[in-house]
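Build me a structure from this.
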Amino acid sequence: MSAHIASLESFLLLPALADNGPSQYILVKAPMSWREARAFCRSRYTDLASARSRSENTQISSLLSNTAWIGLRRATWAYWSDRTPSSFSNWNQDQPNIRGAAVDSCAAVDTGTGLWWDVDCHLENTFVCQKVYSHQQQTFRLRLRTKADLKDPALQQQVLDQVQETTGQGGGAP
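Presented below is the predicted three-dimensional model:
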């Protein structure tokens, strides 16, 4: 099943700046229920996508060719699936409108408009995952005793390479 799902994924990566650091949105075209989509995103990335601003919502909706799940589920619609507060919303007129305890409703983004609809969570939709990268800043104090020119770019690169090797941090971007 994993290979089948991997073959259905569409990795359309758009860099975005979320409240908690740089992130990417990934459109997954394998239809799943909201809960299955959330589990899939959590196992491979960070979580279902959270749109915390109009800009982020626009980036998410620009990926879509069909309606897709995002990380919002009815429990007052107050929190994203990653448990952060939901202060931005983009509901279509008269939405959310599914009422009653019998229906578990989740938010889906409409293709062209980027507006949100509440949809039965058990239905299958494509979905958007979010990968959040956390950056840690480390400060080093080095004491060098050398007659070499410390402004030499080649020497600076050698020092950086040794620091990265020592700390276990390879030199690539996320």
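
Please give the number of neighbouring residues around the residue lying closest to Thr67 once chain neighbours are set aside.
Counting by Cβ to Cβ, 6 or more residues apart in numbering, Ala108 is the residue found nearest to Thr67 once chain neighbours are left out, at 4.8 Å. C-betas here are computed from N, CA, C, even on glycine. Burial measure for Ala108: 25 neighbouring residues, criterion other Cβ atoms under 10 Å.

Paired strands for the helix or strand that contains Ala108, with orientation please.
Assigning secondary structure by DSSP states H and E places Ala108 in strand 105-109. Applying DSSP bridges, strand 105-109 is found paired with strand 68-73 (antiparallel), strand 116-120 (antiparallel).

Report the backbone C-alpha coordinates of the first one in CSV.
What follows is the C-alpha trace of strand 68-73 in CSV, where atoms were taken according to Å, rounded to 0.1, in the frame of the first residue of the first chain:
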residue,chain,number,x,y,z
ALA,A,68,-8.8,18.9,-0.5
TRP,A,69,-8.7,18.4,3.3
ILE,A,70,-6.8,20.8,5.5
GLY,A,71,-6.1,20.4,9.2
LEU,A,72,-9.3,21.8,10.7
ARG,A,73,-12.1,19.7,12.3
